[in-house]
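Visitor: model this:
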Amino acid sequence: MIQLDNVKKYYGERLIFRDVTFKIVDGEHVGIVGKNGAGKSTLVKIMIGAEPFDAGTISGLRAEDIGFVEQTPRFTAATLLDEMLTVEGVEKFQARKILFGLGFTEPELAKSPNHFSGGESAKISLAKALLNEPRILILDEPTNHLDIYSIEFLEEFVKNYRGTVIAVTHDRHFLQQCVGKILDMEGGRATLYPGNYEKFVQLKRERHAAELKAYERQQEEISKLEEFVRRNKAGVKAKQARGRQTLLDRMQRLEKPPSTEQSTIRLGDASESANRVLILEGVNFKEIIRDFSAELFKGEKVGLIGRNGVGKSTLLKLIVGELKADSGEIKIGNRVKVGYLSQGHKELNENATPLEELNNEFGLTEGQARSELARLNLFAQVVEKPIADLSGGEKTRVALTKLILTGANFLILDEPTNHLDLPAREAIESALQDFDGTILIVTHDRYLLDKVATRIIEFAETTEPKPLKDDKIKGDKKKSSAPKPNEQALNKVEAQIKMAEMELKMIEHEINGAVEPDKLTALATAHVDKLAEIDELYLRWEELLC
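Guide: Numbers count the residues shown, from 1 in each chain. Just a heads-up that it's a prediction; the model follows:
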């Protein structure tokens, strides 16, 4: 059992957290959440012994029991596969299963592990941690750098992991599927809630309401006591007044619970545009995109998914004109105004401050710029720093502010929730749901896709020069007219079918590699349940077609 009692941490004079007390029973899966800067990664570093703490005690954590995904790993083997085999007791088939599950290809297994990008190196480190099967597996943002298919694989692995799992993550779908408790870090404290993500949201809301009510009642009582003391310091009730003052002095004051109100993001009303917002006909670009055709209609919110490296971001760059197609046509409809959010924040001037950026682009005064940036929780010194010095999440917020100010009616978004904490993700999700324009979004945030997307286009991997098609999951529908009134609901079910079928493939992949009877039995049950879920979804789909 892991136990922390009254752990406190400062950086210089700045308090990061205090009185952190919780216990994790062996085999539990726990998610750690909180706003950026709440101390989540600091707590993990303390738990693995990489960071000192200033007060309190920690027990049940031995270095030899912990598997941790390093952020800057060092590799020693000649090939990626050999690097996996440096983990004691690992067989080749186990290493290959994990590597393929995380999205590596057969040719990449022969590459040097030191020749991969930073994101791929993090995946290699994750693969080694999974293969090591430690008693305690600690993951810091494990779904970063993974595509949807690799995340599905990781989820299945974690759900079936018998040891303890502690995961710092903003991935709400992962939290919903893979954990049984959530540690919420807020206001310098940590609270452990039972249940998955949706249960956590409910319990946190109820707890906040109860704490706020208790605080308000105490404030009322304090006001009454203070008023009594003020009125009766002298006179016949002076003795009673002194008694009330003693009561006030000894009273343990409740802290006002942090506000749960989120800053709302409003994208504004989309201006009118042509019904056909985007037309792609036979688009080709190098060896990445081949003969791709699709159409987007006014009001659609389309999610673009696929494995890393298949050309999703490249397609967006072709649409906005950052790249030029080798052949084919890309047509933007009449009266369509495009707003683009890139993954690398290339639309931002790194040398300017956020205030200067809004002034240069939109002619806003300092007061107007501060007001717009504050809507996305960018305040004080942050808006006066050069953009180059901001965190990834802060840069995304600045880019979103600019996007809002463009007044675009067609939003093209490349991983808009990257680097954002849960409150910011929820605010963006709500804004995109309310937006009445058209959206094309590349994201591995499945919770966002489930809430926002009305249609999914999948970029499939091909070994032959086959065209990539607009995958509407079932049927070959013509796309020359706008969606019918019930088509959004239909597309929603189709997206759910696509997700369920991907999950079915992952279960089948697990069955092929499983050897233990108990594991095979559990996977067989999961396979039957998933097939039943898919059948039910198709029945719903057929009802909507009628």
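Visitor: And for residue 58, nearest residue in space, chain neighbours not counted?
Guide: Spatial nearest neighbour of residue 58, chain neighbours left out: residue 4 (5.3 Å); criterion: C-beta to C-beta, 6 or more residues apart in numbering. Where you see a C-beta, it was placed from the backbone N, CA and C, and this is true even at glycine.
Visitor: count of neighbours near that neighbour?
Guide: Residue crowding around residue 4 was assessed by other C-beta atoms under 10 Å; the count is 23.
Visitor: On the strand side of things, show who it bridges to.
Guide: residue 22, residue 58 (DSSP bridges).
Visitor: Could you check how far it is from residue 18?
Guide: Here residue 4 is placed at a distance of 12 Å from residue 18 (C-beta to C-beta, to the nearest Å).
Visitor: Please state the mean pLDDT value computed over the lengthiest helix in the chain.
Guide: When the chain is scanned for its longest helix (criterion: DSSP state H), the result is helix 197-231. Taken as a whole, helix 197-231 has a mean pLDDT of 89.
Visitor: So which elements touch it?
Guide: Helices and strands in packing contact with helix 197-231 are listed as helix 172-178, strand 181-186, strand 189-194, helix 238-250; criterion 3 or more C-beta pairs under 8 Å, 6 or more residues apart in numbering; DSSP states H and E.
Visitor: give me that answer again for 6 Å
Guide: For helix 197-231, the elements it packs on are helix 172-178, helix 238-250, judged by 3 or more C-beta pairs under 6 Å, 6 or more residues apart in numbering; DSSP states H and E.
Visitor: and it with strand 181-186, angle?
Guide: 40 degrees (axes from the mean of the first three to the mean of the last three C-alpha atoms, to 10 degrees).
Visitor: In helix 197-231, which residues are buried?
Guide: Within helix 197-231, the residues scored as buried using 16 or more other C-beta atoms under 10 Å are 197, 200, 201, 203, 204, 225, 228, 229.
Visitor: between those residues, which is nearest residue 508?
Guide: Proximity of the buried residues of helix 197-231 to residue 508, judged by C-beta to C-beta, is greatest for residue 197, which lies at 26.3 Å.
Visitor: what's the pLDDT at the residue nearest to the closest one when sequence neighbours are not counted?
Guide: Using C-beta to C-beta, 6+ apart and skipping the chain neighbours, the partner closest in space to residue 197 is residue 175 (3.8 Å). The pLDDT attached to residue 175 in the predicted structure is 94.
Visitor: Could you list the low-confidence segments of the stretch 401-546 of the chain?
Guide: By pLDDT under 70, the low-scoring segments of the stretch 401-546 of the chain are 460-488, 491, 509, 512-517, 542, 545-546.
Visitor: Check the gap between residue 85 and residue 137 for me.
Guide: When distance is defined by C-beta to C-beta, residue 85 is 20 Å away from residue 137.
Visitor: more crowded one of the two?
Guide: For residue 85 against residue 137, the residue with the higher neighbour count under other C-beta under 10 Å is residue 137, and the figures read 24 against 16.
Visitor: about what we covered before: would you mind finding the most buried of the helices and strands packed on helix 197-231?
Guide: helix 172-178 (a mean of 23; mean count of other C-beta atoms under 10 Å).
Visitor: residues making contact with it?
Guide: Contacts of helix 172-178 with the rest of the structure, by C-beta atoms under 6 Å, 6 or more residues apart in numbering, involve 29, 31, 143, 155, 158, 159, 196, 197, 446, 447.
Visitor: which among those end up buried?
Guide: In these, burial by neighbour count holds for 29, 31, 143, 155, 158, 196, 197, 446, 447, counting by 16+ other C-beta under 10 Å.
Visitor: can you tell me which residues contact the last one?
Guide: So the one you mean is residue 447. The contact partners of residue 447, by C-beta under 6 Å, 6+ apart, come to 172, 173.
Visitor: Show me what the one helix or strand residue 529 maps to is packed against.
Guide: In the assignment (DSSP states H and E), residue 529 maps to helix 517-545. Helix 517-545 sits against helix 487-513, with contacts defined as 3+ C-beta pairs under 6 Å, 6+ apart.
Visitor: just checking, what packs against the helix it packs on?
Guide: For helix 487-513, the packing partners by 3+ C-beta pairs under 6 Å, 6+ apart are helix 148-159, strand 455-459, helix 517-545.
Visitor: Residue 233 is nearest to which of these?
Guide: Among the helices and strands packed on helix 487-513, helix 148-159 comes nearest to residue 233, with 63.3 Å by C-beta to C-beta.
Visitor: ok, the residue nearest to residue 197 to residue 529 distance?
Guide: The value you get for residue 175 to residue 529, if C-beta to C-beta is used, is 21 Å.
Visitor: likewise residue 246?
Guide: Applying C-beta to C-beta, the value for residue 246 to residue 529 is 63 Å.
Visitor: Could you find the closest non-adjacent residue to the most centrally placed residue in the chain?
Guide: Most central residue of the chain, judged by C-alpha distance to the mean C-alpha position with C-alpha atoms, centre = their mean, is residue 171 at 3.6 Å. The shortest distance from residue 171 to any residue that is not its chain neighbour, by C-beta to C-beta, 6+ apart, is 4.5 Å, and that residue is residue 143.
Visitor: ok so that neighbour is a helix residue?
Guide: No: when DSSP: H, G, I helix; E, B strand; the rest coil is applied, residue 143 is found to be coil, with no helix at that position.
Visitor: Can you give me the pLDDT of it?
Guide: Per-residue confidence for residue 143 comes out at a pLDDT of 87.
Visitor: ok, which stretches of the stretch 351-500 of the chain are helices?
Guide: Counting by DSSP state H, counting those that start in this stretch, the stretch 351-500 of the chain forms helices over residues 354-362, 366-374, 392-406, 422-434, 446-452, 487-513, given from the N-terminal end onward.
Visitor: For residue 77, find the nearest of these.
Guide: Nearest of the helices of the stretch 351-500 of the chain to residue 77, taken as C-beta to C-beta: helix 487-513 at 22.5 Å.
Visitor: tell me the angle the closest one makes with helix 517-545.
Guide: Angle of helix 487-513 versus helix 517-545, following the same axes, to 10 degrees, is 160 degrees.
Visitor: Which of the helices and strands packed on helix 197-231 has the lowest mean pLDDT?
Guide: Looking at those, the weakest mean confidence is helix 238-250, a mean of 84.
Visitor: how is the protein carved up into domains?
Guide: Described in terms of automatic domain parsing, the domain architecture of the chain consists of the residue ranges 2-195, 208-250, 276-501.
Visitor: Next, format those as CSV and append distance to residue 510.
Guide: Converted to CSV, the domains of the chain look like this (distance: least, C-beta to C-beta, whole Å):
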stretch, distance to residue 510
domain 2-195, 6
domain 208-250, 39
domain 276-501, 15
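Visitor: from the contacts of helix 172-178, which is closest to residue 320?
Guide: The shortest gap between residue 320 and any of those belongs to residue 446, at 24.8 Å (C-beta to C-beta).
Visitor: roughly how far apart are the closest one and residue 498?
Guide: Relative to residue 498, residue 446 is positioned 11 Å away (C-beta to C-beta).
Visitor: do residue 180 as well
Guide: Spatial separation of residue 180 from residue 498 under the definition C-beta to C-beta is 28 Å.
Visitor: So these two - more neighbours on which side?
Guide: The residue with the greater number of neighbours, taking residue 180 and residue 498 and applying other C-beta under 10 Å, is residue 498; the counts read 21 against 15.
Visitor: ok, back up a step: quick one: residues contacting the residue nearest to residue 171.
Guide: Under the criterion of C-beta under 6 Å, 6+ apart, the contact partners of residue 143 comprise 151, 171, 174.
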